[in-house]
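**Student:** Need a 3D model of the following:
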Amino acid sequence: MKILLLIVIGGFILLKCNNNTEPKTDAKSTDTTTTAVTSSEKIDYAYLPINHEPDFWERGDQKNIAIVLNSLKGFETKNVDQALAPFADTVNWQVGNVDAKLSKDSLRSMFTHDLKNLASVKIIMNDYESVISKDKKQEYVSLWYKQINTDMKGKIDSMICMDDAKMVNGKIVELEEKTRALGPKK
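**Tutor:** As a prediction, this is how the structure comes out:
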């Protein structure tokens, strides 16, 4: 009886293993009978070639996100020292109409000037991510948020922002910001 039970259980296990219909998800899968997209499926990209393979990025160090968010929080709370803390001594600054290599002292002057004209800054964060290139030579933190500024006269203005901060050894060495003005709040 025990032998018969072992044969039935063994047969059930083999039958279950052979009838597994879950799609394969490993990178080497070439199973074309499933509807899941596999990494071996050819995808036609509209803009190729680019200077690296299409899947060049992987998840980066999450500590970099905290570094960049703390800097932005410093700007929001008008704490210039906190905002500048993670910046390198020289930064490629690509924000608004400025595309220049700036010293940390120049950034300090710019932040101080901009913030003294604002009663408040409010950041509404939508998302962020940290990525690193597969060759480990480039790291970025990207932020997507809404910024609401109130000037000293009470006028409210807002914009949608997308920032890319290039990171080297835990320091921001480049900041590129793209914005879309939402206009004054009515």
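
**Student:** check contacts around the residue nearest the centre of the chain.
**Tutor:** In the chain, the C-alpha nearest the mean C-alpha coordinate belongs to residue 129, at 2.5 Å (Cα atoms, centre = their mean). By Cβ atoms under 8 Å, 6 or more residues apart in numbering, the contact list for residue 129 reads 59, 60, 65, 141, 142. The C-beta positions use only the backbone N, C-alpha and C, and glycine is treated the same way.

**Student:** Next step: those residues restricted to helices.
**Tutor:** Judged by DSSP state H, the contacts of residue 129 include residue 65 as members of helices.

**Student:** which residues touch the closest residue to residue 176 other than its chain neighbours?
**Tutor:** Excluding the flanking residues, the one nearest residue 176 by Cβ to Cβ, 6 or more residues apart in numbering is residue 94, at 4.2 Å. By Cβ under 8 Å, 6+ apart, the contact set of residue 94 is 174, 175, 176, 177.

**Student:** how close does residue 94 get to residue 171?
**Tutor:** Going from residue 94 to residue 171 by Cβ to Cβ, to the nearest Å gives 17 Å.

**Student:** Most neighbours of all the contacts of residue 129, which one?
**Tutor:** The most crowded member of the contacts of residue 129, judged by other Cβ atoms under 10 Å, is residue 141 (26 neighbours).

**Student:** Residue 84 contacts residue 104, doesn't it?
**Tutor:** Yes. Between residue 84 and residue 104 there is a contact at 6.1 Å, judged by Cβ atoms under 8 Å.
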